[in-house]
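Peer 1: need the 3D shape of this:
(one chain, ligands or ions: 1)
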Amino acid sequence: MDANDMGDDLAAVLIDADQIQARLAELAIEIDADYAGKDLLLVGVLKGAVMVMADLARALHTAVEMDWMAVSSYGSGTRSSGVVRIIKDLDADLTDRHVLVVEDIVDSGLTLSWLLRNLSSRGPASLEVCTLLRKPEAQQAGSSKGEPPRVRYVGFDIPPEFVVGYGLDYAEKYRSLPFVGSLARHVYRPGK
Ligand code: 5GP
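Peer 2: I've put the predicted structure just below:
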């Protein structure tokens, strides 16, 4: 699927496919250096992180294991609440493992904060986060909701708008786009 297939549903391409791959290659160099000589377990959060996991894992020279978790975050509309339920848990035991959580996007950071608390209780040797995208709210320290989660590797800081593509959906659509884009208003506000 590409921009032409979206017709007038696409408002703008924010980050194109080449930019994504180039940034993932840079992050892979950092991660390879930081985990040299260590066994690394990548933990992907379904479904959004599928694309970034696949491309990041292939850009790494470090041998990795991959495991997956699915969580659902209760919230109103497009806002998450930080109240999270595990839909699918990991197969791997995290005890004494070096764990890198691979995320598509960190918005308020509430989902990730919950996930990090949950995973750190399982006794990993180390626990870090790599996200392709980060919105401004996730960088604001000391907000009323508490400290934002520590994210070691960030692909792109983006404006606080709703984005789709490269794993990210709107109502389960657009995940297969090779780029990150914004939707035309008529898609999510029909008739307005
Ligand atoms: P947080 O708990 O950080 O506010 O929300 C994180 C989750 O909300 C992400 O994993 C993703 O599922 C969803 N999300 C946040 N912002 C966007 C966005 O711009 N586009 C899409 N498709 N999902 C988003």
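Peer 1: got the residues of the chain near the ligand?
Peer 2: 48, 73, 80, 104-112, 162-164, 168-170 (Cβ under 6 Å from any ligand atom). C-beta here means a position set from N, CA and C on the backbone, and glycine is covered the same way.
Peer 1: repeat the analysis, applying 5 Å as the threshold.
Peer 2: Residues of the chain lying near the ligand by Cβ under 5 Å from any ligand atom: 80, 105-111, 162-163, 168.
Peer 1: restricted to strands, list the residues you listed.
Peer 2: Among the residues of the chain next to the ligand, the ones falling in strands (DSSP state E) are 105-106, 163.
Peer 1: check contacts around residue 122.
Peer 2: 93-95 (Cβ atoms under 8 Å, 6 or more residues apart in numbering).
Peer 1: rerun that using 7 Å as the cut-off
Peer 2: 94-95 (Cβ atoms under 7 Å, 6 or more residues apart in numbering).
Peer 1: same question, residue 60
Peer 2: Each residue near residue 60 by Cβ under 7 Å, 6+ apart is listed here: 28, 31-32.
Peer 1: looking at the residues you listed, which is nearest the ligand?
Peer 2: residue 31 (20.4 Å; Cβ to the nearest ligand atom).
Peer 1: so for the strand ranked longest in the chain, mean pLDDT?
Peer 2: Counting by DSSP E, the longest strand found in the chain is strand 64-74. Here strand 64-74 scores 91 as its mean pLDDT.
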